[in-house]
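Student: sequence first, predicted model second:
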Amino acid sequence: MPRRKVIARREPAPDPRFDSPLVTKFINCLMVSGKRSTAEQIFYNSVRICEEKGGESGISIFKQAVANVKPVLEVKSRRVGGATYQVPVEVRPDRRTALAIRWLIDFSRERSEQTMEECLAGEFLAAWKNEGNAIRKKRDVHKMAEANKAFAHYRW
């Protein structure tokens, strides 16, 4: 952590095909071992599959899926007098997006389709329809925050 200046957050450059920084963030998180071209190919093919199966434009399905998965509340551990409480806090907007992207990628990697493109497209379509594992994870996080609402006064 710097002592003097606050570090400015850099927005990633928008991707060439859809001109969206969200797509660039997603591709960066999807990338394994620095293989950007492979990650781009997987993402663009999965968007094309979504377009065929969903009936709408693939990028709108993707953006709606990410918006549906974004959590509003989460719990953070807070030690008070020897006891640890799970305190519900609101999620910052950049963290919301990061969590949604991470959950979509993680749960698509657990799916059992043949290729990663199909897995990713399946997870996008499921999240677009407000179902699937990423939506379940969001609901679990919200349930945990709701259950620990009594400790909200420990928020800092």
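Tutor: Cool, the structure landed. Numbering: from 1, shown residues only.

Student: pull the residues that contact whichever strand or helix holds E40.
Tutor: According to DSSP states H and E, E40 maps onto helix 36-54. With contact meaning CB atoms under 8 Å, 6 or more residues apart in numbering, helix 36-54 is reached by 15, 17, 23, 26-28, 30-32, 57-59, 61-62, 116-121, 124-125, 128. Every C-beta, even on glycine, is put in place using the N, C-alpha and C of the backbone.

Student: can I assume F18 sits in a strand?
Tutor: No: counting by DSSP: H, G, I helix; E, B strand; the rest coil, F18 is not part of a strand but coil.

Student: that one: what's it in contact with?
Tutor: Taking CB under 8 Å, 6+ apart as the test, what F18 contacts is I59.

Student: let me know the pLDDT of it.
Tutor: pLDDT recorded at F18 is 93.

Student: quick one: it from E51, how far?
Tutor: 12 Å (CB to CB, to the nearest Å).

Student: read off the pLDDT value for the residue positioned nearest the centre of the chain.
Tutor: The centre of the chain sits closest to A100, judged by CA atoms, centre = their mean, with a distance of 1.4 Å. With respect to pLDDT, A100 scores 96.

Student: grab the nearest non-local neighbour of it.
Tutor: V69 (4.0 Å; CB to CB, 6 or more residues apart in numbering).

Student: what's the pLDDT at that neighbour?
Tutor: pLDDT for V69: 96.

Student: before we move on, what about the one 3 residues further on?
Tutor: For V72, the model assigns a pLDDT of 94.
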